[in-house]
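Novice: Build me a model from this:
(4 chains, ligands or ions: 5)
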Amino acid sequence: MTSSLLSIDNLHIAFGATQAVRGISFEIGHHETFALVGESGSGKSATALAILRLIEREGGRITHGRIVFRKEAPVCLTELSDEQMQTVRGRDIAMVFQEPLTALNPVLTIGRQLTETILRHEPVSQAQAQHKAIEQLERVRIPQAAARLSQYPHELSGGQRQRVMIAMALACNPRLLIADEPSTALDVTTQAEILALIRDLQAERGMSVLFITHDMGVVAEMAHRVGVLRHGRLVETGPARRILTAPQESYARMLVDAAPRLGAGGPALLPETGRSPALALDNLVVDYAGRRPHPLAARTRTRAVDGVSLHVAQGESVGLVGESGCGKSSIARAILRLTPVASGRIAIDGQDITRLSERRLFPVRRKVQMVFQDPFASLNPRLPTWDLITEPACIHATVARDDRRDMAAALLEQVGLGAEHLDRYPHQYSGGQRQRLCIARALSVQPKLIIADEPVAALDVSIARQITELMQALQQRLGLSFLFISHDLAVVERLCHRIAVMRAGRIVETGPTDAIIGDPQEEYTKTLIAAVPGRITPAVAAVHERQSLVG
Amino acid sequence: MTTPIALSSRAGSGGPLALWHDAGLLERGAFILGLTLLAAALFAPYIAPVDPNAQSLLARLRPPLGFDRAVSGYWLGTDELGRDILSRSLHALRLTIGLALAGATLGMLLGLTLGLIAGLVGGIVDDLIAGLIDIQIAVPFTLIALLAVALFGGDLIVLVLVLGIAGWETFGRVVRGEVIKLRDQPFMEAARAAGASPWRLAVKHLLPNLVSPLVVMFALSFATIVLLESTLSFLGLGVRPPTATLGSMVGHGRAYMPNAPWLVITPALLILLVTLVVQILGDFLRDRADVRLRDR
Amino acid sequence: MLIFLLRALAKMAVTLFVIVTIVFFATRLSGDAIDFIGGDALDAQSRAELIVYYGLREDMVTQYWRFLRGMIEGEFGLSLIERRPVTTIFLERVGPTLQLVGTAILVTLVIAIPAGIYAAIRRRSNGAKAVMTGAFIGYATPNFVMATLLLLVFSYWLRLLPSAGNGSGAHFIMPVTALSLTYIAALIRYTRNATLDVLGQDYLRTARAKGLPERTVITRHAMRNTLITVLSVFGLMVTALVSAGAVVIETVFSWRGIGDLLVTAAIRRDYPVLQFGVLAVASAVIVINILTDIAYALVDPRVRLGARTS
Amino acid sequence: QELRVGAQNVSNYLDPGEDHSNVGSQFYYNAFDTLIARDHAGDGGFVPGLATEWEQISPQVIEFTIREDVVFHDGTPMTAHDVVFSLNRMFSPTYPPYMVRKRDRLGNFTRAELRPDGKVRVYTAQPEPLFETLLSMQQTMIVPQAYLMGLAGHPQADEIAAYEAFGLAPVGTGPYRIAEFIPGERIVYERHAEFWGEPAPYERVIVTRIPETVSRVTALRSGEVDIITNIAPDQIELIESDPAFKTEGSVTPLFHVMIMNANHPEIADPRIRQALSLAIDRDLLNEALWLGMAEVPSSHTMEEFGDLYMPELETFRHDPEEARRLLEEAGYDGAEITYDIHSPSYYTNDLLAAQAIMEMWDAVGINGVINPRESWTGCSSEMMTRTWSNPMYFADPFGSFGVMWAPGGPSESCERFNTDAAYAETWERFRFSEDTATRREAYAELMDRIAADPPVLPLYRPFEAWGMRAEIDWAPAATHIPYVLDFRAGRISENES
Ligand SMILES: Nc1ncnc2c1ncn2[C@@H]1O[C@H](COP(=O)(O)OP(=O)(O)OP(=O)(O)O)[C@@H](O)[C@H]1O
Ligand SMILES: Nc1ncnc2c1ncn2[C@@H]1O[C@H](COP(=O)(O)OP(=O)(O)OP(=O)(O)O)[C@@H](O)[C@H]1O
Ligand SMILES: [Mg+2]
Ligand SMILES: [Mg+2]
Ligand code: NI
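Specialist: Ligands and ions are numbered 1, 2, ... in the order given. Okay, here's the model as predicted:
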């Protein structure tokens, strides 16, 4: 493959004294999509940043290796000066970053940020650039593209922001697009749209893509070839179909096997016990105060949850799914009385807690624990691990002061972390480990009910698997109930007895897991399930492979 | 700030040894200098060669040893009443450090408490405290000091109170802002969901997150108070003579700057050193507390 | 915006009311104007006559009402010492102070912000260290020492610059230098911190990934965000300059301004001057605060007026 | 030709009748005249001023012949009406600030009267030995009636507002008119072309306030001003080290004093106050703080008092042994004795002297504490001891000691000084006797009384210096009251060297 667009040869990257990437080599052909998968922290983003030579700015260093880019003549990117790189970045190689929320400048308009890329690389006038920017936005299917130019990033939804990022990256028709987890934060429907978009654009413009993800379903849908990265080394590279169907190396095999697949079937329904449910929601309504439309008007109200009734029996797991912003987290927050309830009733273990005073609520808090959606944000960054994960126990005095460290060690072991982590602070963990800390914290008081809000979203498949298995084991041993909120239907299927599907603040469909996944009744549920990537696995992969060989 | 910091020491914690290890040359120098100044201040009564208030009226305004007209025994010369500048400076250093520490601590406690309350309670209480902050900023400090001294006398306690009050609003403002920013963070909700009381929320969860801004502000406030006190002395509102602070020595000595500059040089230099040390160490601690900054 | 302004004005009124009340009573409880007006040797009868003459005989509450009524009618009375309308006296003084403070603010901005950004971008360079050390020293030198030093060097020894008054441009050099040095030092430190914060942000990486030259990355993407952070600090500094003012500098450079006026009035218990002066300065400070808030909302699209957190 | 003066302070108003401050006294002599003037270029004897001649008609009446062709700065001619008005506004004042001056120095005067022949007669209640002295005082300077009364809008009515306004726009008959006056900041004098006497030597004199000593010295050196005021002995060398500049100075007709509250319980015992006084080594203070240039008096007396100068009296002395003895005798228990001082520093060297005095007290076992106050302690009964100054308002013991320690005067009415019938009787003799010997005798008796139950200790007559360009020939005249900036003809000149 001498005609490959990019070839990486024995790349080494170090952060300070630690070696993050230790000699990887791979090539990306013209029109090809190369997926880089692997463990969280294995060096995927570092590799991407190295290609753009932005790694130095992040405190890293390319210690060894060559990155050769062939547009007309081959250039060795590792040998270019920063000035020379500036003409490569954005024009030849563009990148979509992992986190769209922080990757856009909050104080510049979308239009400004878009046109400046165009103006930088193409000899056009301001007006032409403006025009081109609108074109780009339309191409990524942002509604009312022209009006968006004067908006600021915070005025767009997460999915829209992600699309702006992509529009920006594609503005100058780059030969190579690097997309680093472009769909992690998105719900399945939005994710599907974005993936389709990248595929279309690729076909339209014939560019190559370096796609970084931890979602094997996405790999199946997008990639021609795949590289599996672990501990900074490429453990296996090959055509997507082969890697997905017959991985050779043990880690790659594990990764592929661990990937949950929709339709694998869920746990059997629990028999009716007649005991009062662990959680009962009765016609729950949650409103948020919005802004005033004009100074003299009353505040508008956003109805986030609009009459939801739901039961979780003792020992049962109920999955709550639905598109982003449909009100899932709001339900969770209402159950914990973190947000006021407009009307309706919440009962825990048969006790109505809807209007309980904070003092009377105190014993109830022990029974209900929550794993928050964003683990990093829900851990106090200044408290050491042992203190963090035993805090509920300390508050509820279920542990003596002197025993807290012992208890913390035991909890850590339960979630698969070692006692050497006791004195670490949250920032010293990887995303997956943090999520496990949240779970450990929830377990510290032996609750009856755990509300888990996207507990595995940030984890690569192998670790996600570990966690769900832990949850199941606990459920069996302690009779815990779970309200499991997720946009990952495959995980929900594996874990939950029943599923409730939400849309725009209402529950549109409830039923046993197999029934919902296998035979959805509602139109919305059907769309949701259809949008799950990777359902078309082997066949599509084969098609992609052929294309890449031809191109 | 000055030297690349090894990754092995990423932890925000670590004993004094780790601190020392992380420190650059500048920080180490500042640390040693700080200790020396502190020791000099603490042991001033033992190391000062003579009584700081003892006058020798007929040997006024004599230069340091080595210059014409110098009097032996007075290493750094004598002041406008023939007092030993070295002894006075040492005692003044002691008082100045004490005053600045007391004032900065008072300001911090006051500002922290009110800022926390304003941020956490909100509503009317918040408006009241914010109003108080506005008042404090809007009335010239010299005026407040003047009225306080006139109403309550020029005792040291009054001075400490005045100096403490001078700084509280900065603490109050910043703390309040931070609290408002932090109070709806998921980790605060997590604690609330676990049943944490408001007191626990404030002390256990907010306070640790306020430490680094507090460190910076404390360092700034310390320096500001040293300077404020000298401004007050300049206006004749500082400590009562013959007691000396570095500020009052500079304030009184300033009139003699053209013909007897040594009256000002020693105390001014000490002020410079003390504030410099506090600033450098404050910056060092802050830089260290900033996780993201450390690796770049 | 309207609601914000109305609220801000209402708050301002309350704050000002509290301030003038405090000042009114504190000045009267803590001293007596007559001793200054009459000189230091007064027999009892003269004293009594003067007290009547200066309208200080009524009990304090009556005086207070009179003062409040006057304030509402815009009638602030005559200085007890100078017998001129306090407004005239104040206007005479406000010009020099505004010139001095305004120039100092300008100089501070022009020097401190680039220096601070430089110190952050080249964090480990010797130049940055020099800037920061300079800032430390600038911050740690009492401004009257600096003022006197400048005076001695440039007027006394070198005879280059005029030492007193505010006649020409040359008169500005030393007072402005002495006054702004502290603020420059402080602002450099704030700017450096804010810039360091911004430099760690992901959107700068995005900007670089677009192929923008480093200069553009800093000026267009970093600086704007830095300025937003610096703005609130800067607002505080301007208010400090206006209120705490330049008393010391004004004295050393014989610059007749507000600072000198207020302190002198306080010492002499020239109540009308003091009350009006405090009222005016406090109003200015509060207005500056409001302006800062508005500016903040203007440059930071995420901020809604009235919803600012800090 | 122009003269620029850097003054430590500039008055806030300029009304010679009301003012008696040290700041104000600098500025009147250039712009105003009295009926009787003094020969300041010579021995200070009385010479014709706005009156060409005067005659004492009886012990209680004096008659003046008013000078003609005198023109006020506003261009109107001065008449006898103006003289009568000027004097009567002080003799029977309606404006409260004048009442104070009437009481402390003009109490004996009843009225001025215009005679049909155009002369002016001045009457007193009791025989007045000090007619000439008092009528050559700043407070009896002549002002224009029509102009002054017109200032309030109703030229016929005697309105307080008119007097208030005059202080901001003063008009007199002196060689300089006040062309510009910014209270507390600037006075610009311009030559009064129609001055009746020898024309002013300068076209303009500009006085600017430069409060800081260092700034004043700098302004002189950098050529911004030609003369600067209030130079302490410590700074003299600083100016004289450059041959282009010099200083001129003299001991001032003014005492820096320490006063003691005779009615404060802790120091009510006269022996304690005597001890406070005896403990202070004033010669050492002079030697150290004034480089020996000040003058330490043995009694409340100065050479300027003329016939009543009595250096032979020994009212105040230094005797620490005696102080210790008296303290013991009085049973002093080490109670804290506060020494109030104005802060920021008001008199030259006051803070230094205060600190030195504390050491001297300490040496005899007095527990003294400095109490800096940003305002005058006024008549506070809590005041124990404090700094003060006792100027010579006019050249007589009455114009110095008398202004403050008269029966019913400011000290007594503030209840920190007590007099009795005997004191009052002696006082009458001292004040009104036409026989100098009697007056001397009475004054000596008063001094004995002061020594026995001391309310005051004159520390020294300070040495005040002015710095100036070496070419300027000016020096303070010994015959003036303190601080007068006298720039009249014959008093100042510049030699081209
Ligand atoms: N700024 C940094 N300083 C030090 N180490 C870093 C830094 N950034 C990343 N690392 C380390 O380098 C390794 C590779 O990080 P990288 O971001 O490339 O991981 P990744 O494969 O993208 O993971 P993820 O799936 O979580 O995004 C990790 O072990 C990480 O801890
Ligand atoms: N504090 C708030 N103030 C106003 N509106 C809010 C607030 N929190 C959430 N909302 C709105 O309420 C709706 C439901 O939000 P919620 O967080 O419950 O969504 P979700 O289903 O958890 O979405 P996601 O999958 O993205 O986490 C959204 O439209 C959101 O914009
Ligand atoms: Mg990554
Ligand atoms: Mg959510
Ligand atoms: Ni450092």
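
Novice: you'd agree residue B:56 is up against residue B:78?
Specialist: Yes - when contacts are counted by CB atoms under 8 Å, residue B:56 is listed as touching residue B:78 (6.9 Å). Heads up, the C-betas are built off the backbone N, CA and C, glycines and all.

Novice: Look at these two and report which has more neighbours.
Specialist: residue B:78 (27 against 17; other CB atoms under 10 Å in any protein chain shown).

Novice: Report pLDDT for the nearest residue to that one once chain neighbours are set aside.
Specialist: In space, and not counting its chain neighbours, residue B:78 is closest to residue B:62: 4.5 Å by CB to CB, 6 or more residues apart in numbering or on different chains. Here the pLDDT value assigned to residue B:62 is 86.

Novice: List the residues that contact residue B:62.
Specialist: Residue B:62 is in contact with B:69-71, B:74, B:77-78, B:82, counting by CB atoms under 8 Å, 6 or more residues apart in numbering or on different chains.

Novice: Got a ChimeraX select line for the buried ones in these?
Specialist: Of the contacts of residue B:62, the buried ones can be selected in ChimeraX as follows, counting by 16 or more other CB atoms under 10 Å in any protein chain shown:
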select /B:70,74,77,78,82
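
Novice: any chance of the contacts of residue B:62 in JSON lines, with secondary structure, distance to ligand 1 and pLDDT too?
Specialist: Formatted as JSON lines, the contacts of residue B:62 follow (DSSP: H, G, I helix; E, B strand; the rest coil; distance: CB to the nearest ligand atom, whole Å; pLDDT from 0 to 100):
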{"residue": "B:69", "secondary structure": "coil", "distance to ligand 1": "63", "pLDDT": "82"}
{"residue": "B:70", "secondary structure": "coil", "distance to ligand 1": "59", "pLDDT": "78"}
{"residue": "B:71", "secondary structure": "coil", "distance to ligand 1": "62", "pLDDT": "80"}
{"residue": "B:74", "secondary structure": "coil", "distance to ligand 1": "57", "pLDDT": "83"}
{"residue": "B:77", "secondary structure": "coil", "distance to ligand 1": "55", "pLDDT": "87"}
{"residue": "B:78", "secondary structure": "strand", "distance to ligand 1": "58", "pLDDT": "87"}
{"residue": "B:82", "secondary structure": "coil", "distance to ligand 1": "62", "pLDDT": "86"}
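
Novice: ok, of the contacts of residue B:62, which one's closest to chain D?
Specialist: Of all these, chain D sits closest to residue B:82, with 7.4 Å by CB to the nearest CB.

Novice: Please, which helix or strand holds residue D:425?
Specialist: Element membership of residue D:425, judged by DSSP states H and E, is helix D:421-432.

Novice: can you list contacts of that helix?
Specialist: In this structure, residues lying in contact with helix D:421-432 by CB under 8 Å, 6+ apart are D:108, D:126-129, D:397-398, D:402, D:406-407, D:419, D:438-439, D:441-443, D:445-446, D:449.

Novice: Now chain A against chain B: closest residue?
Specialist: Taking CB to the nearest CB, chain A has residue A:382 as its residue nearest chain B, at 3.4 Å.

Novice: wait, isn't that residue in contact with residue B:208?
Specialist: Yes - counting by CB under 8 Å, residue B:208 is a contact partner of residue A:382 at 3.4 Å.

Novice: In terms of neighbours, single out the busier of the two.
Specialist: Neighbour comparison, residue A:382 and residue B:208: the larger count goes to residue A:382, with 22 against 14 (by other CB under 10 Å).

Novice: Below-threshold pLDDT in the stretch 51-200 of chain C: ranges please.
Specialist: Applying pLDDT under 70 to the stretch 51-200 of chain C flags no residue at all.

Novice: any chance you could map the helices in it?
Specialist: Ranges of helices within the stretch 51-200 of chain C are C:60-73, C:86-121, C:126-140, C:143-150, C:170-199, based on DSSP state H, counting those that start in this stretch.

Novice: Of the ones you listed, which is nearest residue D:87?
Specialist: Residue D:87 lies closest to helix C:86-121 among the helices of the stretch 51-200 of chain C, at 32.1 Å (CB to CB).

Novice: can you state the direction angle for the closest one and helix C:170-199?
Specialist: 50 degrees (axes from the mean of the first three to the mean of the last three CA atoms, to 10 degrees).

Novice: on contacts alone, who are the packing partners of helix C:86-121?
Specialist: helix C:126-140, helix C:170-199, helix C:223-243, helix C:247-252, helix C:258-268, helix C:271-299 (3 or more CB pairs under 8 Å, 6 or more residues apart in numbering or on different chains; DSSP states H and E).

Novice: which parts of that helix are buried?
Specialist: Quick answer for helix C:86-121 (16+ other CB under 10 Å): C:86-87, C:89-90, C:92-94, C:96-97, C:99-101, C:103-105, C:107-109, C:111-113, C:115-121.
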